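**Q** This is a predicted model, with the sequence first.
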Amino acid sequence: MYTFNYAARSDVGLVRGNNEDSAYAGTHLIALADGMGGHAAGEVASQLMIKHIMVLDKNPGDNDLLALLGAVAADGNESIHRHIAGHPETDGMGTTLTALLAGPEGVGMVHLGDSRGFMLRDGKLSQITHDDTYVQSLVDAGQLAPEEVSTHPDRSKLLKAYCGIPVEPLLKDLDLREGDRVLLCSDGLTDPVTASTIETTLSQGTPQEAADTLVELALRSGGPDNVTVVVADIAITDDEPERSPLVVGALDTEATYNPNPNTAAGRAALAGRAQPEVIPPAAEAQPEPKKRHATGWIIALVAVLVVALGGFVGWRAVTNNYYVAADGEAITIYNGVNIAGLSHVHQRPCLDESGNISLDDTGSCHQFTLSDLPEDARTSIAGLPDGSYDDALGQVRRLADSALPVCVTRTNQDKAGDGDLATPGVNCREVK
């Protein structure tokens, strides 16, 4: 009997206000869904799908693994359809799904969307899923190089997902062996963390240690999206392991969102929270102490000194703090904290044709702007943490590394093609 030795972890990330990922991990089944849609509909869609698929976490006996996975996923999709019919404001919601079911002779998989599944064997990582995305279709057609996918402006466009209408998923028997390690993850991991880093991390420690490290790596890379991972080792045993399953993400009702106060998004979320008021207990009446006035002056003097010291510490904290944000279109390094009146423009970096950053205060260079970046990099700026000036400059340089290629200028005799780099702010950038 094939079984999973599993771990799972999910985090809302450093930018999002809610978690739309849902995942389940058990002895016979591991599954992950990444929801989408407004009005909190994404988290509803992923929950509905996982709640249906999790009923398969039992010994399937002689039943066809792929038939079970396909049928239950279709039931989950029908549940999404019924929810949309009863709540028209959620029209457009949907979810990805990647799930593995272990049986007596092997492991079957159902997959739809852009969540990913990987297998680690002998230290080598290979992808066991195929992205149902527009950019992957370009790669398949030979119109886009695989290394260009991560910077393509349309890389988040899905071609297929469970949205309440009939759809055909990928159903596949997997060639897995005892000792193989598998990873299911949302794009909150694969977008900010490279495949080589995932391979190295997945090769080390227990499933739980690997899962924890992968999520932490995504958060250190900016955490622009919800990040959810399921890590499982393949085992073959005659015994039924006794262990409770895990649910994480939107399904985890005990999870709470604690915004990171060192990011713009986190500060915005925290600003709306009422702070608890501490009401001290009533003091018992005491005889008035002698030298009351002298004691009062001493207390007042100490209070003044404490306030002055606190103000000095706060001033130092503000003046030594820097962050990167957009000032209109311009990518800007600010000095201070991201609160009205407590920061000022420190520098406006420039970006040349070769992708190099310079800090020319004369205004004679091409200013680094949002239109120089692909869409996903633009949205990640709001989640960048505060820090030292070197931290801020490093963030600007990393943004420059993800900049769009320079637009190609053609002569009148040339005929432009559909794949040309000729649309500034979409597939290329202008350098003036």
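**A** Happy to help now that I have it. None of the values given here were measured: they were computed from a predicted structure. Numbering: from 1, shown residues only.
**Q** how about stretch 211-218 as PDB, C-alpha atoms only?
**A** Taking C-alpha atoms only, stretch 211-218 is exported to PDB below (Å, rounded to 0.1, in the frame of the first residue of the first chain):
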ATOM      1  CA  ALA A 211       7.600  22.900   4.200                       C
ATOM      2  CA  ASP A 212       8.500  25.500   6.900                       C
ATOM      3  CA  THR A 213      11.700  26.600   5.100                       C
ATOM      4  CA  LEU A 214       9.900  26.900   1.700                       C
ATOM      5  CA  VAL A 215       7.300  29.200   3.100                       C
ATOM      6  CA  GLU A 216       9.900  31.300   4.900                       C
ATOM      7  CA  LEU A 217      11.800  31.700   1.600                       C
ATOM      8  CA  ALA A 218       8.700  33.000  -0.100                       C
END
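**Q** and this protein, what are its domains?
**A** Following the TED database, one finds the domains of the chain at 2-252, 297-431.
**Q** quick one: the first one to chain centroid distance?
**A** Relative to the centre of its chain, domain 2-252 is centred 14 Å away, using Cα atoms, centre = their mean, to the nearest Å.
**Q** before we move on, back to that, just name the most buried of the domains of the chain.
**A** Mean neighbour count (mean count of other Cβ atoms under 10 Å) peaks for domain 2-252 among these, with a mean of 20. Glycine gets a C-beta too; all of them are placed from N, C-alpha and C.
**Q** what about it, average pLDDT?
**A** On average, the pLDDT along domain 2-252 is 94.
**Q** Between its first and last residues, how far does it reach?
**A** 27 Å (Cα to Cα, to the nearest Å).
**Q** Ala152 and Leu144 touch, don't they?
**A** Let me fix one detail, which is that residue 152 is His and not Ala. Yes - with contact defined as Cβ atoms under 8 Å, His152 reaches Leu144; the gap is 6.8 Å.
**Q** distance of the residue nearest the centre of the chain from Asp376?
**A** Closest residue to the average C-alpha location of the chain: Asp225 at 2.5 Å, with Cα atoms, centre = their mean. Distance, Asp225 to Asp376, by Cβ to Cβ, to the nearest Å: 9 Å.
**Q** And for Asn19?
**A** From Asn19 over to Asp376 (counting by Cβ to Cβ), the distance is 19 Å.
**Q** And the helices in the stretch 301-432 of the chain, which stretches?
**A** 375-380, 389-401 (DSSP state H, counting those that start in this stretch).
**Q** And the last one, what does it pack against?
**A** Helices and strands in packing contact with helix 389-401 are listed as strand 322-327, strand 330-336, strand 357-358; criterion 3 or more Cβ pairs under 8 Å, 6 or more residues apart in numbering; DSSP states H and E.
**Q** now the ones you listed in a markdown table, with mean pLDDT?
**A** Below are the helices and strands packed on helix 389-401 laid out as a markdown table (pLDDT from 0 to 100):
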| stretch | mean pLDDT |
| --- | --- |
| strand 322-327 | 90 |
| strand 330-336 | 89 |
| strand 357-358 | 86 |
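**Q** I'd like these as JSON lines, with distance to Asp34 appended.
**A** Shown next, in JSON lines, are these (distance: least, Cβ to Cβ, whole Å):
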{"stretch": "strand 322-327", "distance to Asp34": "27"}
{"stretch": "strand 330-336", "distance to Asp34": "29"}
{"stretch": "strand 357-358", "distance to Asp34": "33"}
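**Q** Pull out the CA atoms of stretch 345-365 and give them to me as PDB.
**A** C-alpha atoms of stretch 345-365 as PDB (Å, rounded to 0.1, in the frame of the first residue of the first chain):
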ATOM      1  CA  VAL A 345      11.800  61.700  -1.100                       C
ATOM      2  CA  HIS A 346      15.400  60.600  -0.800                       C
ATOM      3  CA  GLN A 347      16.300  59.500  -4.300                       C
ATOM      4  CA  ARG A 348      14.700  58.700  -7.600                       C
ATOM      5  CA  PRO A 349      16.800  55.900  -9.200                       C
ATOM      6  CA  CYS A 350      17.500  55.700 -13.000                       C
ATOM      7  CA  LEU A 351      17.500  52.600 -15.200                       C
ATOM      8  CA  ASP A 352      19.600  52.400 -18.400                       C
ATOM      9  CA  GLU A 353      19.300  50.200 -21.500                       C
ATOM     10  CA  SER A 354      21.400  47.500 -19.900                       C
ATOM     11  CA  GLY A 355      19.300  47.300 -16.800                       C
ATOM     12  CA  ASN A 356      21.800  49.100 -14.500                       C
ATOM     13  CA  ILE A 357      20.700  51.300 -11.700                       C
ATOM     14  CA  SER A 358      22.200  54.800 -11.200                       C
ATOM     15  CA  LEU A 359      21.500  57.600  -8.800                       C
ATOM     16  CA  ASP A 360      21.800  60.700 -10.900                       C
ATOM     17  CA  ASP A 361      20.300  63.700  -9.200                       C
ATOM     18  CA  THR A 362      20.700  66.000 -12.200                       C
ATOM     19  CA  GLY A 363      17.600  64.500 -13.900                       C
ATOM     20  CA  SER A 364      19.500  63.800 -17.100                       C
ATOM     21  CA  CYS A 365      18.900  60.000 -17.000                       C
END
